[in-house]
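*Asks:* Dropping the sequence and predicted coords here.
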Amino acid sequence: MSASPVSTRPRQGLALVLSIAVPFIIGGLGALSTAGNVDGWYAEANVAPWTPPNWVFGPVWSVLYVLIGVSFWRAWRMPSSPARTTGIRLFIWQLALNAIWTPIFFSGFPLIGQTAFWLGAVIILVMDVLVWLTIVKFKDVDIWAARLLIPYEAWLFIATSLNIYLAFNN
């Protein structure tokens, strides 16, 4: 499928920039909740043996935010269809959950203890499902929009395993 003929290059360029900026903004807001906690309670937590070093998370998420944004942009620019509409709705829901997971998980622990890990586990498991469903829907809209979300889904599976490990072992 090709982009809508009504679209203009400036509009497409602005849409691409916004599509990438939104995940970065969400990530930046989430980073505020990790700032004091990564070196605080998280440094003392019993983390999974397969937990990557802390320095890995920033670069990985930066790449993923670009892929997530480009994926959305590719789907958004396609002609309207039921698959596109559903895929975009699923995408928005998973992004909203992405926005609340980090504050609940990192800032929640000092406030509500281990319950924050379990709430985080529920949220991230739902995110896993929503991202997978988004991939399935985007596949029918633009194959690259779907493929660009696969690394995100893979990283979410790792993050899910880390979250669940913390819930069971702390």
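*Replies:* Structure's in. What do you need?
*Asks:* Give the residue spans of this protein that score low on pLDDT.
*Replies:* Applying pLDDT under 70 to the chain flags the ranges 1-7.
*Asks:* Check it and tell me which residue is nearest its centre.
*Replies:* The residue lying closest to the centre of the chain (Cα atoms, centre = their mean) is N98, at 4.9 Å.
*Asks:* need the strands for this structure, in chain order.
*Replies:* In the chain, no strands are defined using DSSP state E.
*Asks:* if I pick V60, what's in contact with it?
*Replies:* V60 makes contact with 52, 155 under the criterion Cβ atoms under 8 Å, 6 or more residues apart in numbering. C-beta: built from backbone N, CA, C; applies to glycine.
*Asks:* likewise L130?
*Replies:* Applying Cβ under 8 Å, 6+ apart to L130 gives the contacts 90, 93-94, 97.
*Asks:* Tell me the buried residues in the helix ranked longest in the chain?
*Replies:* Longest helix in the chain by number of residues (criterion: DSSP state H): helix 9-38. Applying a neighbour-count criterion of 16 or more other Cβ atoms under 10 Å, one finds 15-16, 19-20, 22-23, 26-27, 30, 33-34, 37 buried in helix 9-38.
*Asks:* from those residues, which is closest to G69?
*Replies:* Distance ranking of the buried residues of helix 9-38 against G69, using Cβ to Cβ, places I20 first at 3.3 Å.
*Asks:* Tell me which residues touch the closest residue to the closest one other than its chain neighbours, please.
*Replies:* Using Cβ to Cβ, 6 or more residues apart in numbering and skipping the chain neighbours, the partner closest in space to I20 is G69 (3.3 Å). G69 makes contact with 16, 19-24, according to Cβ under 8 Å, 6+ apart.
*Asks:* measure V56 to A99 for me?
*Replies:* 21 Å (Cβ to Cβ, to the nearest Å).
*Asks:* what does Q12 give?
*Replies:* In terms of Cβ to Cβ, Q12 sits 25 Å off from A99.
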